[in-house]
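In: Quick one: sequence and predicted model below, then my questions.
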Protein chains: 2
Amino acid sequence: MKKKRIAILGSTGSIGRQTLDVISAFKDEFEVIGLAAGSNAQLLAEQIKEHNPRFVSVKDSTLAQELKAILKNPSFEIFWGDIGLEFISSCSCDIVVNGLVGALGLKPTISALSHGKRVAFANKETLVIAGDLIKDLLVKNRGEIIPLDSEHVAIHQCLSGQKIDTVKRMILTASGGPFRTWDIDQIKAATKEQALKHPTWVMGQKITIDSATLMNKGLEVIEAMNLFNIDSKKIDVLIHPQSIMHSAVEFIDGNIISQLGATDMKLPIQYSLFYPERRELPFNLFCDLLSIGKLEFEKPDMEKFPCLKLAYEVASKGKSYPIVINAANEIAVDKFLKEEITFFDIPKIISRALESHSPVSTSSLEDILEVDKEVRVKILETQSSVV
Amino acid sequence: MKKKRIAILGSTGSIGRQTLDVISAFKDEFEVIGLAAGSNAQLLAEQIKEHNPRFVSVKDSTLAQELKAILKNPSFEIFWGDIGLEFISSCSCDIVVNGLVGALGLKPTISALSHGKRVAFANKETLVIAGDLIKDLLVKNRGEIIPLDSEHVAIHQCLSGQKIDTVKRMILTASGGPFRTWDIDQIKAATKEQALKHPTWVMGQKITIDSATLMNKGLEVIEAMNLFNIDSKKIDVLIHPQSIMHSAVEFIDGNIISQLGATDMKLPIQYSLFYPERRELPFNLFCDLLSIGKLEFEKPDMEKFPCLKLAYEVASKGKSYPIVINAANEIAVDKFLKEEITFFDIPKIISRALESHSPVSTSSLEDILEVDKEVRVKILETQSSVV
């Protein structure tokens, strides 16, 4: 049997490391062709030793030198920066795992889809800011996206064998994050440490803060809209503290199909690498509904979590607004993580960015990146004097 | 568009009446060709007036006369007895809805499948006692079974687009019946009225008692085993008091797919009539997870519900044992409904019938009916002196 060749973007991040865990468990089925990482040269060196990729990319030339110094006789080709990411995403692989965070993942996604690859896709920001562009690429090339977000991979499974025009409603579940039961004043005073304590998932810092503001769910609404070509009015968010039901689809005939499972990214990663096949899970991650005992559902509170409300508004407005909400959120979360702003400054910054934005049409990568850059510059210029 | 032609066996029963409700809501899509009922001539006459079938069958010639007296100028052909049921099930229809109760449904099912019909199937006893025969018919003819039991239609939907060899486990949910929270001594003293109070479903009397003993779930384990060609060891029963998750399938890769919906038989009936299409539900029966709030799961207690334990033993033993458990249960439930025995006499009668049975191979309808008859005669002869 021919091994499937895998390239991983963001190999030292949470998705990247877990993808390598899955690959290590199926050595006979997969071959790592390319690894792209940011600045964790030490971990990347270990990954290279274990998986022996042909192509490696790092953030910049300094890191490339550092990596060469760690690995004495490298048998791989090394690249860096944007060009490195694009090379890895279009190399001679079958599947590109895009575990990059933020708008950084856009160009490599375009590159991979243009080359007809399957993209296992955890980089929701790309689908938020460049929905039309990505949809267009999917139509024009043989490429495909298999989502890695637990919600979207749940919906992907619920839609198996079904027609999209029989979908009445998609139900994205949300854990509710660490502040689900807090009152609004407590949330306003939340610290970085409190916001980083996610109740059910272990993830990277940016997405963990996004889960605390519920912006993560808001971005997922926009992502689902683009991924499944469905009106955002047909996408509901339901708070489900146990995070066991990962999402559901209600069909027009009243039947709801849902996917449930352990809260571990290795499940969607394995699914995306083998789809449409399924293989025995090599990890002790089977889900026991008995030991969980109950699954609860609540309505999300838009006053306590204004980011979700903003995201729904953006989903309905379309045009360049999704680029604005994403860029403003990335900057605001970064500032919160640097403890420069309070937790409730995050929606404030985003809201101001949206209000002051004059929408434009964004049909090309250049258009998107220009809006993205403008929004970032504007916030950084004005933000310190405003908050 | 050509209308789909429907024949209904048991049209005045719970499944039959609800099937006619669905058909009435889709008059442009369906045409009632045949109706078979037992002894409720009055209701059958009303159904005939509304749906104008070409063929009608009743229990016996007396009832046929009665029906003719009610309907002055009948425009349909009338039949009765076994021959009537078989005629209706093999008439010029596309779908046979088998809403018969008990072993009575076996011959018409064989007849419909032999004629390559789709059978919308609520008559679980037939699949319990004649699993191999039915499977054989499905292989040899173009016929198909779409289950109507909420659990099996749930699994049918969960398997959409999936391969049966990737199934790790089927999870049949059970409401737990009216005695879920009772202790064993209370259950032993349960009256007919108490047993007929089902917490979540409105159904016929026999199936309601079977739900109170959990024999219904036990028969469903055997039914699922035959319907989906899966080892009974891979079928779990989970108590789920809300009856919203109708069943689930766990795949080998750790993903669980489940179907949820309102507790109303019109949903599976509509699904079975339109499959593989889905149509907008014309009833106000959409399921709101928010207003339900929580879904709970418990392990079934085999001491309190010995019928479930007996059914698992039978599922594993195979041969003619399923015929015995079904026949003994039908007689025991009938006696309980006539208040001739206590609630816990039901498993006792079944257990004795199983213990005294010498298994035989049953490859033909005649073999099956012979064992069925022997068991019934034996119980009726010995039972009054034993309990």
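Out: Nice, I can see it.

In: List the buried residues of stretch A:287-300.
Out: Using 16 or more other Cβ atoms under 10 Å in any protein chain shown as the burial criterion, the residues of stretch A:287-300 that qualify are A:287, A:289, A:294-298, A:300. Quick note: C-beta positions are derived from backbone N, CA and C, even for glycine.

In: and if you look at stretch A:194-209?
Out: Of the residues in stretch A:194-209, those with enough neighbours to count as buried (16+ other Cβ under 10 Å) are A:195, A:198-199, A:201, A:203, A:206-209.

In: for stretch A:126-143, same thing?
Out: Counting neighbours by 16+ other Cβ under 10 Å, one finds that the buried residues in stretch A:126-143 are A:126-131, A:133-134, A:137-138, A:143.

In: Touching the biggest helix by length in chain A from outside, list them.
Out: The residue-count maximum for a helix in chain A (DSSP state H) belongs to helix A:365-386. Contacts of helix A:365-386 from elsewhere in the structure, counted by Cβ atoms under 8 Å, 6 or more residues apart in numbering or on different chains, are A:103, A:106-107, A:110, A:129-130, A:133, A:320, A:323-324, A:326-328, A:330-332, A:335, A:349, A:352-353, A:356-357, A:360-362.

In: Please give the centre-to-centre distance between it and its chain.
Out: Using Cα atoms, centre = their mean, to the nearest Å, we find the averaged C-alpha position of helix A:365-386 to lie 21 Å away from the chain's own average C-alpha position.

In: CA atoms only: put that helix into PDB for me.
Out: The C-alpha atoms that make up helix A:365-386 are tabulated as PDB, following Å, rounded to 0.1, in the frame of the first residue of the first chain:
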ATOM      1  CA  LEU A 365      -5.900  37.800  -2.100                       C
ATOM      2  CA  GLU A 366      -4.400  41.300  -2.400                       C
ATOM      3  CA  ASP A 367      -7.700  43.000  -1.600                       C
ATOM      4  CA  ILE A 368      -8.100  40.900   1.500                       C
ATOM      5  CA  LEU A 369      -4.500  41.500   2.700                       C
ATOM      6  CA  GLU A 370      -4.900  45.200   2.100                       C
ATOM      7  CA  VAL A 371      -8.000  45.400   4.300                       C
ATOM      8  CA  ASP A 372      -6.400  43.200   6.900                       C
ATOM      9  CA  LYS A 373      -3.400  45.500   7.000                       C
ATOM     10  CA  GLU A 374      -5.400  48.700   7.100                       C
ATOM     11  CA  VAL A 375      -7.500  47.500  10.000                       C
ATOM     12  CA  ARG A 376      -4.500  46.400  12.000                       C
ATOM     13  CA  VAL A 377      -2.600  49.700  11.400                       C
ATOM     14  CA  LYS A 378      -5.600  51.800  12.200                       C
ATOM     15  CA  ILE A 379      -6.200  50.000  15.500                       C
ATOM     16  CA  LEU A 380      -2.600  50.100  16.600                       C
ATOM     17  CA  GLU A 381      -2.400  53.800  15.700                       C
ATOM     18  CA  THR A 382      -5.600  54.800  17.600                       C
ATOM     19  CA  GLN A 383      -6.100  52.200  20.200                       C
ATOM     20  CA  SER A 384      -3.600  53.300  22.900                       C
ATOM     21  CA  SER A 385      -5.300  56.800  23.100                       C
ATOM     22  CA  VAL A 386      -8.800  55.400  23.100                       C
END
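
In: got the buried residues for it?
Out: Going by 16+ other Cβ under 10 Å, helix A:365-386 has these buried residues: A:367-369, A:371-372, A:374-376, A:378-379, A:383.

In: what about it, average pLDDT?
Out: Confidence over helix A:365-386 (mean pLDDT, whole number) is 86.

In: Ok, stretch A:35-49 next?
Out: Per-residue pLDDT values over stretch A:35-49 give a mean of 95.

In: Likewise for stretch A:56-67?
Out: On average, the pLDDT along stretch A:56-67 is 95.

In: Let's have the buried residues of stretch A:126-143 in CSV, adding pLDDT.
Out: Rendered in CSV, the data for those read as follows (pLDDT from 0 to 100):
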residue, pLDDT
A:Thr126, 92
A:Leu127, 94
A:Val128, 95
A:Ile129, 94
A:Ala130, 95
A:Gly131, 94
A:Leu133, 94
A:Ile134, 94
A:Leu137, 93
A:Leu138, 93
A:Gly143, 93
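
In: So which of these reach chain B?
Out: The subset of those within reach of chain B, by Cβ under 8 Å from any Cβ of the partner chain, is empty.

In: for those residues, which one is nearest chain B?
Out: Using Cβ to the nearest Cβ, A:Leu138 is the member of these that lies nearest chain B, at 19.7 Å.

In: which SS class is that closest one?
Out: Counting by DSSP: H, G, I helix; E, B strand; the rest coil, the backbone at A:Leu138 sits in helix.

In: looking at chain A, which helix or strand does the model trust least?
Out: For chain A, scoring each helix and strand by mean pLDDT, DSSP states H and E identifies helix A:365-386 as the least confident one, at a mean of 86.

In: so what's A:Ile187 up against?
Out: Under the criterion of Cβ under 8 Å, 6+ apart, the contact list for A:Ile187 reads A:179, A:304, A:343-344.

In: try 10 Å this time
Out: In this structure, A:Ile187 makes contact with A:177-180, A:194-195, A:212-213, A:301, A:304-305, A:343-344, judged by Cβ atoms under 10 Å, 6 or more residues apart in numbering or on different chains.

In: For chain B, see how far away it is.
Out: Computed as Cβ to the nearest Cβ, to the nearest Å, the A:Ile187 to chain B distance reads 22 Å.

In: just A:Asn255 next, same as before
Out: Note on A:Asn255: its distance to chain B, by Cβ to the nearest Cβ, is 5 Å.

In: Could you pull up phi and psi at that residue?
Out: Its backbone dihedrals place A:Asn255 at phi -80, psi 130, with angles given as degrees, to the nearest 10.

In: per-residue pLDDT, it?
Out: Each residue has a pLDDT score; the one for A:Asn255 is 98.

In: Count the residues that sit near it.
Out: Neighbouring residues of A:Asn255 were enumerated by other Cβ atoms under 10 Å in any protein chain shown; the total is 27.

In: residues contacting the closest residue to it other than its chain neighbours?
Out: The spatial neighbour of A:Asn255 that comes closest, neighbours along the chain excluded (Cβ to Cβ, 6 or more residues apart in numbering or on different chains), is B:Gly261 at 5.2 Å. Applying Cβ under 10 Å, 6+ apart, one finds that B:Gly261 lies in contact with A:250-251, A:253-257, B:150, B:153-154, B:157, B:243-246, B:267-268, B:271, B:281, B:285-287.

In: Cross-reference the residues you listed with the helices and report the matches.
Out: Mapping the contacts of B:Gly261 onto helices (DSSP H) picks out B:150, B:153-154, B:157, B:267-268, B:271.

In: Show me the strands in the stretch 251-387 of chain A, by range?
Out: With DSSP state E, counting those that start in this stretch as the definition, the stretch 251-387 of chain A shows strands at residue ranges A:256-260, A:294-296.

In: and the longest one, what other elements does it pack with?
Out: The reference is to strand A:256-260. Contacts defined by 3 or more Cβ pairs under 10 Å, 6 or more residues apart in numbering or on different chains; DSSP states H and E place strand A:256-260 against helix A:150-158, strand A:167-174, strand A:245-251, helix A:266-274, helix B:150-158, strand B:245-251, strand B:256-260.

In: how far away is A:Val202 from A:Gln186?
Out: Spatial separation of A:Val202 from A:Gln186 under the definition Cβ to Cβ, to the nearest Å is 24 Å.

In: A:Leu159 now?
Out: Relative to A:Gln186, A:Leu159 is positioned 39 Å away (criterion: Cβ to Cβ).

In: re earlier: what subset of the ones in helices among the contacts of B:Gly261 is also close to chain A?
Out: Cross-checking these against chain A (Cβ under 10 Å from any Cβ of the partner chain) gives B:153-154, B:157, B:267-268, B:271 as the overlapping residues.

In: Where do the helices of the stretch 201-350 of chain A begin and end?
Out: Along the stretch 201-350 of chain A, counting by DSSP state H, counting those that start in this stretch, helices occupy A:205-213, A:215-227, A:266-274, A:289-292, A:306-317, A:321-337, A:345-355.
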